[in-house]
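[1] Turn this into a structure:
(8 chains)
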Protein chains: 8
Amino acid sequence: MNLTVYLAGQIHDNWREEVKKMAEEKNLPLTFVSPQTNHERSDHIGEDVLGKQPGSQYKDDAASSINNFRTQVLLQKSDVVIALFGEKYKQWNTAMDASTAITMNKPTILVRPSSLIHPLKELSNKANVTVETIDQALEVLAYIYE
Amino acid sequence: MNLTVYLAGQIHDNWREEVKKMAEEKNLPLTFVSPQTNHERSDHIGEDVLGKQPGSQYKDDAASSINNFRTQVLLQKSDVVIALFGEKYKQWNTAMDASTAITMNKPTILVRPSSLIHPLKELSNKANVTVETIDQALEVLAYIYE
Amino acid sequence: MNLTVYLAGQIHDNWREEVKKMAEEKNLPLTFVSPQTNHERSDHIGEDVLGKQPGSQYKDDAASSINNFRTQVLLQKSDVVIALFGEKYKQWNTAMDASTAITMNKPTILVRPSSLIHPLKELSNKANVTVETIDQALEVLAYIYE
Amino acid sequence: MNLTVYLAGQIHDNWREEVKKMAEEKNLPLTFVSPQTNHERSDHIGEDVLGKQPGSQYKDDAASSINNFRTQVLLQKSDVVIALFGEKYKQWNTAMDASTAITMNKPTILVRPSSLIHPLKELSNKANVTVETIDQALEVLAYIYE
Amino acid sequence: MNLTVYLAGQIHDNWREEVKKMAEEKNLPLTFVSPQTNHERSDHIGEDVLGKQPGSQYKDDAASSINNFRTQVLLQKSDVVIALFGEKYKQWNTAMDASTAITMNKPTILVRPSSLIHPLKELSNKANVTVETIDQALEVLAYIYE
Amino acid sequence: MNLTVYLAGQIHDNWREEVKKMAEEKNLPLTFVSPQTNHERSDHIGEDVLGKQPGSQYKDDAASSINNFRTQVLLQKSDVVIALFGEKYKQWNTAMDASTAITMNKPTILVRPSSLIHPLKELSNKANVTVETIDQALEVLAYIYE
Amino acid sequence: MNLTVYLAGQIHDNWREEVKKMAEEKNLPLTFVSPQTNHERSDHIGEDVLGKQPGSQYKDDAASSINNFRTQVLLQKSDVVIALFGEKYKQWNTAMDASTAITMNKPTILVRPSSLIHPLKELSNKANVTVETIDQALEVLAYIYE
Amino acid sequence: MNLTVYLAGQIHDNWREEVKKMAEEKNLPLTFVSPQTNHERSDHIGEDVLGKQPGSQYKDDAASSINNFRTQVLLQKSDVVIALFGEKYKQWNTAMDASTAITMNKPTILVRPSSLIHPLKELSNKANVTVETIDQALEVLAYIYE
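    Now for the predicted structure:
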């Protein structure tokens, strides 16, 4: 049984590549999708498509409409969501994607360091499973196939 | 036509009281509901009900289960959601409540200072309306009754 | 049994007042809601709330976000929708509101002159009932109470 | 990941062929579906199947029932919708298909010339993304695969 | 707790009045709604509203669109459905209303004489409860309030 | 694009085989599913699986539970429904399956002889398309692929 | 804000009366509904309405159809569910009602003694809140109104 | 037509292997999925992934979150559910999975010995089909393909 997994979370390091490598090592039949992980491209996609906007707020809104379009397409195609929080950045998109997934009844795994237990306690309680590392998240995915 | 409005957002100042006062001044037939706004009580409700837990993670999970229960009851009863972001705190609950509301097709107004335009751009794009002050949010609510 | 009726359609004459008067004459227990019918206000509401925008496209988008918010609140509260088309104007909002209502399973009456039979044939076929005058629409509403 | 794209809009020129050609040039794994693009056939399908009807209104209703059947089948199978508006024709079917898609949570791209910004402002605000050319629409689709 | 009950079924005798009388005798806080029970009016409502149609098929379709509109409004407002079958007439509307209600998750009571057990066996199996008389149906409704 | 078509209706002649043959002749990529068409087997399946029941009502209920199970599985897998009515039999199962399909938003074609226009008028009005012969129904299916 | 609370669980003692008394003492604006709590009546309701059945399995099925009808009506009307498990009885109805409520997105409180932690661990994890006493359940309800 | 079947129920013997063998013997194109059937692993999966927990309640909650995640993924992918009850164990998970499936409109077969007719009567009445042996359940599945 093939499953599609949406990887929500920050796009400042290559954690998604690690997830994919681990899944391959475990021979899990998973397809991974994600938001745009090129940060520059993600911020500029609105102007890249629509041309110069009259200020940063309008540039941001143009970019976000295309980013949200992409996320909606891929999230609807996904069977499972992994949402990773780290210690840096505001990460409101991660919270948004995780909440959206949970409300759509997508089974969702939250990954967060122990330092974030308190501020993420309500979201963690709504997610199906909360773990601290992506290794643990992969163990949970592997468990589906045992 | 009476409407129930859920006020999501931080619980460190009395912005909800201001919202209610403005609504009264405009004679809008609105009922406001919200998360627990007593921060201490919100953090301790799990142990208040269930007794001492074996560590802060378990205390947090106990509290969040009851806070989430409250939010789910009140959000389902609401016709409209206002979600306010400020410059302090992580505010992942606010992002969670706003996303949940939007995914449930609850008409949602986002209130955020201009300093947060960039990190909130995707959530702002998904909300129905984004404004910068609670006065503006009330004007939007009042517009329903014009 | 009280019913709430959303009156979608152009805002250039007072057809909604006629509908209300007819309903009163028939003693029908109906509450009518509608989009903003003050055309000026509808076009300027974005800048009225958010201040000057950097061009007409941005002014329009600001206005439409608040108009859509209003419509979503009122449409969700409605039991029945009447959508009136006339011979003037593009009336894409009317088509949008009627389609939205039909997709939400709101029972919907389409009112259109015989001159518009052909261009509205698919929307007419999806609506529950199509009539040519608001008198006929009221007769259909009155029929619920016979 | 293959996606199916419904192309809503006027059927008076071959814009859909251009869309398909661009998608092939970009090697996007997309399947395109659409309403009946043969205008004559679309208008006569009711009588083609059911025989002569007693007047143009009945001919139109017979045709629209089969056109709507086709659209419902194909829209339900689609992952994404592109709705194109031009400067000619009433295009209420385009507005109807776009609104239906948005209400069904289908990610939707609106294509319209800048001359139509004002009359389409509410529909544009509800769509995920609004662009001015089909090239831009294809760029948005391609962005899903980056 | 007040409940609204839709009474689906034939409109050739006054069984609905009996149901109402029984409910009053039992002091049950029930509101009853139903299709148009004046058979003449039900058959002619299309031409009554829209004027003369070009043949009986078109007259029938005009009438049915208004009857279906009425049923959809009232069924959506109902908490419970009673569907009564008798030995005469085709009663496809009753089967249609009962199936629609069951698919909408409306709790449904089927009333049918024992002579119809076999042809109604699949519908009976899908209904919540099947009884043979309206007295029994009322006993089931009364049981809610015990 | 392959589509699965549920063929609801009487099981006393081989009309489904004709439908399949026509679809093959037109090279339509359709898979057809249907209720159990062996009438004897359909009536006895309850006792075939569960053993002798204490009377015909219980035998019928046992059979119908398994027939309904089959129909629910296959209807959920279907993209389109064709429901055929003839002049004989009560055909309440056909009305039930057609109504269920319509309420589930399955695009539905009704096939009925002109003699049944009046008693089927409400169901016909709710179906997407109504035709008189299975040839016409196939033409409608073929139209999807033009 | 009035809320309706469904009290699922065993019907062998008067725990529901205690719940109601506590709610009154706390002045909570709650309406409580429940399954039939007269065990005899619950077991015999099928034969009470439909007459003698041909064996205990058929008697049970007749009773359960009416009990399920009642539960479906009342659960759909409820805003919150409390499901109480005790140490005696199989209590599969309690598990069924709790699971149904959770799947319907009804906010749900599970009450169970600590001796049942292990066998109820999966249901407890799906419920919003799990407590050990009805006093604690009432505290959770009261928290909504703080 | 391939179907995926979720096998809910106790994990203390190899009944699922028997089901699979029977399906192979009948050449049914079925894929079977299930909860974790290694009882030890199922109880310890929480600590296996997350490490030592501070007591058995927390160990149980950690395990159940991962078991529920697995079940949600597999149940959403399933077309049909078989839920088997035996005479031993509390089996609240079986009741939970069966109720969840029924509420999600998954066609569901209940298998239970005649000794459990009375305590399972309400759940049995809600399931599509109730049988006493897995042979009978397979006969019901095979009936889909006749």
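
[2] Please count neighbours and contacts with C-alpha atoms only from this point.
    Noted.

[3] who's sitting farthest from the centroid in chain A?
    A:Pro54 (30.0 Å; Cα atoms, centre = their mean).

[4] right, and that one touches C:Pro54 too?
    Yes. With contact defined as Cα atoms under 8 Å, A:Pro54 reaches C:Pro54; the gap is 6.6 Å.

[5] could you dump the strand ranked longest in chain A to CSV, C-alpha only?
    When chain A is parsed with DSSP state E, its longest strand is strand A:3-9. Taking C-alpha atoms only, strand A:3-9 is exported to CSV below (Å, rounded to 0.1, in the frame of the first residue of the first chain):
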residue,chain,number,x,y,z
LEU,A,3,1.1,6.3,0.9
THR,A,4,1.7,9.9,0.2
VAL,A,5,3.2,12.0,3.1
TYR,A,6,3.1,15.8,3.3
LEU,A,7,6.2,17.2,5.1
ALA,A,8,5.2,20.5,6.7
GLY,A,9,7.7,22.7,8.4
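
[6] Which other helices and strands does it contact?
    Strand A:3-9 is packed against strand A:30-33, helix A:56-77, strand A:80-84, helix A:92-103, with contacts defined by 3 or more Cα pairs under 8 Å, 6 or more residues apart in numbering or on different chains; DSSP states H and E.

[7] How far off centre is the next helix-or-strand element following that strand?
    Per DSSP states H and E, the first helix or strand lying C-terminal to strand A:3-9 is helix A:15-25. Centroid separation for helix A:15-25 versus its chain: 14 Å, with Cα atoms, centre = their mean, to the nearest Å.

[8] For helix A:15-25, list every residue counted as buried.
    Neighbour counts over helix A:15-25 (16 or more other Cα atoms under 10 Å in any protein chain shown) mark A:Arg16, A:Val19, A:Lys20, A:Met22, A:Ala23 as buried.

[9] What is the nearest of those to chain B?
    For the buried residues of helix A:15-25, the minimum distance to chain B (Cα to the nearest Cα) is 20.8 Å, reached by A:Arg16.

[10] Which residues are in contact with the one residue in chain A that gets nearest to chain C?
    When scored by Cα to the nearest Cα, chain A has A:Pro54 as its residue closest to chain C, at 6.6 Å. Each residue near A:Pro54 by Cα atoms under 8 Å, 6 or more residues apart in numbering or on different chains is listed here: C:Pro54.

[11] That one and D:Val131: what is the separation?
    Separation of A:Pro54 from D:Val131 (Cα to Cα, to the nearest Å): 16 Å.

[12] what does A:Thr71 give?
    A:Thr71 is 18 Å from D:Val131, where distance means Cα to Cα.

[13] count of neighbours near the closest residue to A:Gln10 other than its chain neighbours?
    Residue nearest to A:Gln10 in three dimensions, not counting chain neighbours: A:Gln91, with 6.7 Å by Cα to Cα, 6 or more residues apart in numbering or on different chains. Applying other Cα atoms under 10 Å in any protein chain shown, we find 21 residues neighbouring A:Gln91.

[14] A:Glu87 now?
    Counted by other Cα under 10 Å, the residues lying close to A:Glu87 total 11.

[15] Any buried residues in stretch A:131-146, and which?
    Residues of stretch A:131-146 classed as buried by neighbour count (16+ other Cα under 10 Å): A:131-144.

[16] Pull up the pairing partners for the longest strand of chain A, direction included.
    strand A:30-33 (parallel), strand A:80-84 (parallel) (DSSP bridges).

[17] Out of the ones you listed, which gets nearest to A:Arg41?
    Of all the strands paired with strand A:3-9, the one in closest proximity to A:Arg41, counting by Cα to Cα, is strand A:30-33 (16.7 Å).

[18] Let me see the contact set for A:Gln91.
    By Cα under 8 Å, 6+ apart, the contact list for A:Gln91 reads A:Gly9, A:Gln10, A:Phe85, B:Pro119.

[19] I misspoke; the intended subject was A:Gly86.
    Neighbouring residues of A:Gly86 by Cα under 8 Å, 6+ apart: A:Gln10, A:Arg112, A:Pro113.

[20] Would you list the buried entries among these?
    Those of the contacts of A:Gly86 that meet the buried threshold are A:Gln10, A:Arg112, by 16+ other Cα under 10 Å.

[21] Dump the contacts of A:Gly86 to TSV, plus pLDDT.
    TSV is the format used below for those (pLDDT from 0 to 100):
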residue	pLDDT
A:Gln10	91
A:Arg112	98
A:Pro113	97
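
[22] and which of the contacts of A:Gly86 is nearest D:Ile102?
    When the contacts of A:Gly86 are compared for distance to D:Ile102 (Cα to Cα), A:Gln10 wins out at 28.2 Å.

[23] so where's chain A shaky on pLDDT?
    Along chain A, the model assigns pLDDT under 70 to no residue.

[24] where's A:Ser42, which helix or strand?
    A:Ser42 belongs to helix A:39-50 when assigned by DSSP H and E.

[25] relative to helix A:56-77, how tilted is that helix?
    Interaxial angle, helix A:39-50 versus helix A:56-77 (axes from the mean of the first three to the mean of the last three Cα atoms, to 10 degrees): 100 degrees.

[26] how about helix A:39-50, does it get close to chain D?
    Yes. Legend: contact between helix A:39-50 and chain D by Cα under 8 Å from any Cα of the partner chain is shown at A:Val49, A:Leu50.

[27] for that helix, packing partners?
    By 3+ Cα pairs under 8 Å, 6+ apart, helix A:39-50 packs against helix A:56-77, helix D:134-144.

[28] which one of these lies closest to chain G?
    Chain G lies closest to helix A:56-77 among the helices and strands packed on helix A:39-50, at 19.7 Å (Cα to the nearest Cα).

[29] correct me, but A:Thr133 touches A:Leu110?
    No. The pair A:Thr133 / A:Leu110 is not scored as a contact, 9.4 Å apart, by Cα under 8 Å.

[30] picking that back up, next, format the helices and strands packed on helix A:39-50 as JSON lines and append distance to A:Asp48.
    Formatted as JSON lines, the helices and strands packed on helix A:39-50 follow (distance: least, Cα to Cα, whole Å):
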{"stretch": "helix A:56-77", "distance to A:Asp48": "9"}
{"stretch": "helix D:134-144", "distance to A:Asp48": "9"}
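
[31] quick one: which of these is nearest chain B?
    Counting by Cα to the nearest Cα, chain B lies closest to helix A:56-77 out of the helices and strands packed on helix A:39-50; the figure is 4.8 Å.

[32] Could I get the buried residue list for the closest one?
    So helix A:56-77, judged by 16+ other Cα under 10 Å, has buried residues A:58-77.

[33] Of the helices and strands packed on helix A:39-50, give the one that comes closest to D:Val33.
    helix D:134-144 (15.0 Å).

[34] wait, does the closest one contact chain B?
    No. Interface with chain B: helix D:134-144 contributes nothing (Cα under 8 Å from any Cα), its closest point being 16.0 Å away.
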